[in-house]
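1. need a 3D model of the sequence below.
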Amino acid sequence: MRDTMTLRIGGREIVIESGKLLRSMDTCADAFTAVMPWNPGEDAELDKLTAPYSYSPCEIYMGGALESKQILYNVQHKRDGSGSIKELSAFSKTADIIDSTVLPPYEASNISLTDRCKQQCEPHGIEVVIGDGVNLLKPRTVTTKKRAPAKSTPLTRVGIMTANGFIETLPLAEKTVETKGYYKITGKKTVFEEMKFARVSAEQTDTIFEHLKKIAAQRGILLSCTWDGNLLLTRANTDDRPIGTIEEGDANAETYAAEFNGRERWRYYRAIATSSRKSKTGKTGVTEDAVLKSQRYLTFRADDNIPGEALNSAEWRRNKSAAEAMTIQFPVSSWYGPDGKLWRPNTQITVVSPTIGLQSGYTMLITSVEFTFDSSGSRASLGLKPPSLYTNGEIGAEPWLAEQQAGAGAGATQGAAV
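-> The predicted model follows:
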């Protein structure tokens, strides 16, 4: 039961030959693929549930526990000498905002990140969830006022002439006159409200995810999804202690892969943020990636939508480029980490692996987890990145550079001794 993967579509359990569940901390949607044995026409209900463009609701269970709710988007029918199969691909419903273009209003002023996300997500039936540890509020001091009491006129009697010539009077009546525009200051108090952007804007052809990701980056926020497919605003978990240590070879795996692409990084990042869609000038932020020795420059516009935050844009782009320049996949033999729980994106693990340049061990951030179930059993693959690449601050010392420097220093010492 602990190492079983179960797929239910439309409430019905589906027999699968193999399955993969991919979770990540910053791609906005989780994904599931499965191979299902199939005899066309034998089971009409099954054919209907897994039909192309059925968009059937899916549930993925691991170890008997519901881990992800998704929607069946892609279907392939295949046949070879061994029979017929269906290859099914499901995604969190947040896939709709990855694929869909921005909804009007394309420009909004004095708006918070949460409200902009709701504008774009709620029409798709997607809720916006604030993750644990995310605080978008800031304090603001406001003056408290009390409205002055309404003023009243004196008591009066109203006389009338009756038919017999006598004067009669109506009862005493008091007329109240509302006083407007008069307030009395009673003190000050602190309120907490979400920080707002002076203005955000998007092209009509921009996708919702790309638009929201760019403005979320200005707050150090990542866009992920909840287990049931709603948008999750989260931060990189760079402060918690690692859940344990893993070493190369623990998984009895033969393939450990790390790719480092030097052309995906630049020495200087120059962000231009303008204060108007019509303006061609604005504030400029410049930051540096000190790892590079050559004079590589990257100048880009901060989407002309976040005035005054050019430096944040430049730092975010630098760190983003450094993260995208490396791909590290670390196989593990179990779905469960050293803490006994399923591997989870956005947690930290200490890794010892000469193959990926971590001879002395280094604490890495798990950015993605791919769970695999097939005839060979259950296993997982962890996507790893240095934690500092997911902040807006300075890039920390990258472990492979430290290893190189240590090796060079040792070589120099040995040479001097000779």
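2. hey, let's count contacts and neighbours off CA atoms from now on
-> Will do.
3. number of nearby residues for the residue lying closest to F330 once chain neighbours are set aside?
-> Nearest non-adjacent residue to F330, counting by CA to CA, 6 or more residues apart in numbering: L382, 5.0 Å away. Residues near L382, counting by other CA atoms under 10 Å, number 22.
4. correct me, but L382 touches P331?
-> Yes: the criterion here is CA atoms under 8 Å, and L382 meets it with P331 at 6.2 Å.
5. and the pLDDT at R270?
-> Per-residue confidence (pLDDT) for R270: 90.
6. pull the number of nearby residues for it.
-> Applying other CA under 10 Å, we find 23 residues neighbouring R270.
7. please name the bridge partners of it.
-> Going by DSSP bridges, R270 is paired in beta bridges with V286, T299.
8. quick one, what contacts it?
-> T284, G285, V286, T287, Y297, L298, T299, F300, A314 (CA atoms under 8 Å, 6 or more residues apart in numbering).
9. got the residue ranges for the helices in the stretch 101-250 of the chain?
-> For the stretch 101-250 of the chain, the helices defined by DSSP state H, counting those that start in this stretch occupy 113-121, 208-217.
10. and those, which one's lowest on average pLDDT?
-> Per-stretch mean pLDDT for the helices of the stretch 101-250 of the chain is lowest at helix 208-217 (a mean of 92).
11. how close does G220 get to G396?
-> Look at G220 and G396: by CA to CA, to the nearest Å, they are 16 Å apart.
12. for P40, same thing?
-> 56 Å.
13. try Y55
-> For Y55, the distance to G396 - CA to CA - is 44 Å.
14. the more surrounded of these two?
-> Comparing Y55 with G396 by neighbour count (other CA under 10 Å), the higher total belongs to Y55, at 18 against 11.
15. so that one sits against Q70, correct?
-> No: here Y55 does not reach Q70: they are 9.6 Å apart, not a contact under CA under 8 Å.
16. ok, what's across the strand from the residue most central in space within the chain?
-> Central residue of the chain (CA atoms, centre = their mean): L223, 1.1 Å from the mean position. Beta-bridge partners for L223, by DSSP bridges, are L233.
17. what's F371 in contact with, if anything?
-> Contact analysis of F371 by CA under 8 Å, 6+ apart lists K20, L21, L22, W335, S378, R379, A380, S381.
18. which element is E59 on?
-> E59 is located in strand 57-62, with elements delineated by DSSP states H and E.
19. who does that strand pair up with?
-> Sheet pairing of strand 57-62 (DSSP bridges) gives strand 5-9 (antiparallel), strand 65-80 (antiparallel).
20. most tightly surrounded among those?
-> Most buried of those, by mean neighbour count (mean count of other CA atoms under 10 Å): strand 5-9, with a mean of 19.
21. for the helix or strand hosting the residue nearest to F330, buried residues please.
-> L382 belongs to strand 377-385 when assigned by DSSP H and E. Neighbour counts over strand 377-385 (16 or more other CA atoms under 10 Å) mark S378, R379, A380, S381, L382, G383, L384, K385 as buried.
22. report the beta-bridge partners for the third one.
-> Taking DSSP bridges, one finds V332, F371 as the beta-bridge partners of A380.
23. report the separation between it and L231.
-> For A380, the distance to L231 equals 25 Å [CA to CA].
24. ok, R296 next?
-> From R296 across to L231, the span is 36 Å (CA to CA).
25. so where's the stretch 51-200 of the chain shaky on pLDDT?
-> When residues are selected by pLDDT under 70, those of the stretch 51-200 of the chain lie in 140, 142, 147-186.
26. at 90 what do you get?
-> Along the stretch 51-200 of the chain, the parts satisfying pLDDT under 90 run over 80-82, 132-199.
27. what's the separation between Y53 and A90?
-> Separation of Y53 from A90 (CA to CA): 12 Å.
28. overlap in contacts of those two?
-> The contact sets of Y53 and A90 overlap at Y73, N74 (CA under 8 Å, 6+ apart).
29. higher neighbour count, the two?
-> More crowded of Y53 and A90, by other CA under 10 Å: A90, with 25 against 11.
30. distance of that one from G229?
-> For A90, the distance to G229 - CA to CA - is 11 Å.
31. overlap of the contact sets of these two?
-> Q70.
32. one step back: so R296 and L231 - more neighbours on which side?
-> Between R296 and L231, L231 has the larger neighbour count (other CA under 10 Å), namely 26 against 13.
33. list the contacts of that one.
-> If you count contacts by CA under 8 Å, 6+ apart, then L231 has C28, T94, C121, I126, E127, V128, V129, L223, S224, C225 around it.
34. of those residues, closest to H77?
-> Checking these against H77 with CA to CA, the nearest one is T94 at 25.3 Å.
35. the closest one: neighbour count?
-> 29.
36. over to A290?
-> Neighbours of A290 using other CA under 10 Å come to 12.
37. nearest spatial neighbour of it, skipping sequence neighbours?
-> R267 (6.5 Å).
38. against D289, how distant is the one you found?
-> Here the criterion is CA to CA. By it, R267 lies 5 Å from D289.
39. list residues touching both of these two?
-> Joint contacts of R267 and D289 (CA under 8 Å, 6+ apart) do not exist.
40. about what we covered before: save the strands paired with strand 57-62 as CSV, and put in distance to G244 too.
-> Converted to CSV, the strands paired with strand 57-62 look like this (distance: least, CA to CA, whole Å):
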stretch, distance to G244
strand 5-9, 25
strand 65-80, 23
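41. now the closest residue to D228 other than its chain neighbours, which residues is it bridged with?
-> Of all residues not flanking D228 in the chain, K69 sits nearest, at 4.8 Å (CA to CA, 6+ apart). Beta-bridge partners for K69, by DSSP bridges, are E59.
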